[in-house]
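Asks: Structure for the following, please:
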Amino acid sequence: MNSCSSKSPTMNLPVSFFRTRADRRTQCVARRMSICRSLLAIGLAVLANHSHCVSQEIDINEFAKTQAKNLSIAFQNASSKAMKSVVTVLAKRADVDSTLDELDLLDTNSARNFNIGSGVIINESGLCVTNNHVIKDSKGIRVRLGDGRELSGTDLRTDPSSDLATFRIESDSTLPFVTMGNSDRLGVGDWVIAIGSPFALEQTVSVGIISSKGRALNRMVEGQLLQTDAAINPGNSGGALIDLEGELVGINTAIMTTNGAFQGVGFAIPSARVKWITSELVEYGKVRRAKVGLRVERLTQTLADELRLPVRGGVLVTRITADGPAQKAGLEIDDVILEIAQQQVFTPEDFRGVVEQLPADKSYSVKLIRDSEHITLEITPVISES
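Replies: Residues are numbered from 1 along each chain as shown. Model (predicted):
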């Protein structure tokens, strides 16, 4: 027998061969362990990232809640600051028995016998402001304060053009009053709060934003108005529109609606105008408005393009009163007025708003364009008492 035939084939392999196979097995195990470690690390990273995302989501939710709570607190603080100065106004209708003094606001007879609206106390002496349409043709005024006191309104003074009116109330105890804010500083999107007595529900608060500024309802109210989506309903007329400081920035006056109820479009008279009208009524018993003896309209697109102006870049003179201030100053029809009394005018409402408050017997510059030429004139308004 061939002795070689009974031996294993590997018996003749060198020792290095076996070491190589062992090394390969070791390397394979090492690679597998490395892969396992990598997978474990990835898994831990994914788990950590998930935990971080969950934690981050919780943080965002908590932040949102905190912001909402802070805004809610701002609404509460502003409302509580101004609410005491907002009153319910009951104007006795002309056809009602003058001895009737029923003040049960939820009684159907009250709604029949009184015009029910709102008002705002604007100084410590009891001067109140409301809408003219609330007290128009009334036989007498009664008010109910937020603390339940019922007082009579006296010294009624009205300005139908602006739909504003003032009256006074007297009390042996201190009367609350609101701080007058600056409506000129309001921007579209600013938070505002409406306070009043919609449907005779006293001290009702609603919240919204300034939707627009410079709105015109010339058939109803003269002057530029604030537009808001804070809920305004019948009974809110004459009530307060306040900012987050609790200061008066407007007097709620009208809504635009197709069904008689609030549809998200309400209007308020800006506090800057309220301040001027009330000061005129208090000092003179009427509102003295300056006039310059001309009529203006919006620029047409064609004319604006010719003059290289925006459509709301000025106002077009369409009529001039004979022997009036405008004619005496040298203005002509088709002049485009850009500025008066150092105030830019973009619309007819802007122009009227600036002119009517100018003190009379004083000259003011008027910047205009005539036949593509820039001209500056001097004009002296006159007073028209209403």
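
Asks: Show the subsequent helix or strand relative to the helix or strand of the chain with the lowest mean pLDDT.
Replies: Scoring the helices and strands of the chain by mean pLDDT, DSSP states H and E places helix 108-113 at the bottom, with a mean of 61. Going down the chain from helix 108-113, the next helix or strand is strand 114-121, by DSSP states H and E.

Asks: now that following strand: how far from the chain's centre is it?
Replies: Strand 114-121 sits 22 Å away from the centroid of its parent chain (CA atoms, centre = their mean, to the nearest Å).

Asks: Going toward the C-terminus from it, what's the next helix or strand?
Replies: Later in the chain than strand 114-121, the nearest helix or strand by DSSP H and E is strand 127-131.

Asks: so what's residue 223 up against?
Replies: 162, 269, 273, 349, 352, 353 (CB atoms under 8 Å, 6 or more residues apart in numbering). Every residue, glycine included, has its C-beta placed from N, CA and C.

Asks: And residue 276, how far from residue 370?
Replies: Noted for residue 276: a distance of 32 Å to residue 370, by CB to CB, to the nearest Å.

Asks: This structure: helices as residue ranges?
Replies: Along the chain, the stretches classed as helices by DSSP state H are 15-83, 108-113, 132-135, 271-284, 301-306, 325-329, 348-356.

Asks: Going by mean pLDDT, which of the ones you listed comes out lowest?
Replies: Of all the helices of the chain, helix 108-113 carries the lowest average pLDDT, namely a mean of 61.

Asks: could I get stretch 371-381 in CSV with only the CA atoms?
Replies: Provided in CSV are the C-alpha atoms of stretch 371-381 (Å, rounded to 0.1, in the frame of the first residue of the first chain):
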residue,chain,number,x,y,z
ASP,A,371,-49.4,121.1,-17.1
SER,A,372,-46.5,118.9,-15.8
GLU,A,373,-45.0,121.8,-14.0
HIS,A,374,-44.6,121.8,-10.1
ILE,A,375,-46.0,124.9,-8.5
THR,A,376,-46.3,126.1,-4.9
LEU,A,377,-49.1,128.6,-3.9
GLU,A,378,-50.3,130.1,-0.6
ILE,A,379,-53.9,129.6,0.5
THR,A,380,-55.9,131.0,3.4
PRO,A,381,-58.9,128.9,4.5
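
Asks: and the nearest residue to residue 307 once chain neighbours are set aside, what are its bridge partners?
Replies: Among residues not flanking residue 307 along the chain, residue 369 sits closest, at 5.7 Å (CB to CB, 6 or more residues apart in numbering). Going by DSSP bridges, residue 369 is paired in beta bridges with residue 336, residue 374.

Asks: Contacts only, for residue 369.
Replies: 307, 309, 314, 335, 336, 338, 375.

Asks: Now do the same for it: its pLDDT.
Replies: At residue 369, the model reports a pLDDT of 92.

Asks: coming back round to it: among the contacts of residue 369, give me the pair with the biggest separation.
Replies: Distances among these were taken as CB to CB; the most separated pair is 309 and 375, at 14.8 Å.

Asks: where does the stretch 51-200 of the chain dip in pLDDT?
Replies: 51-58, 95-112 (pLDDT under 70).
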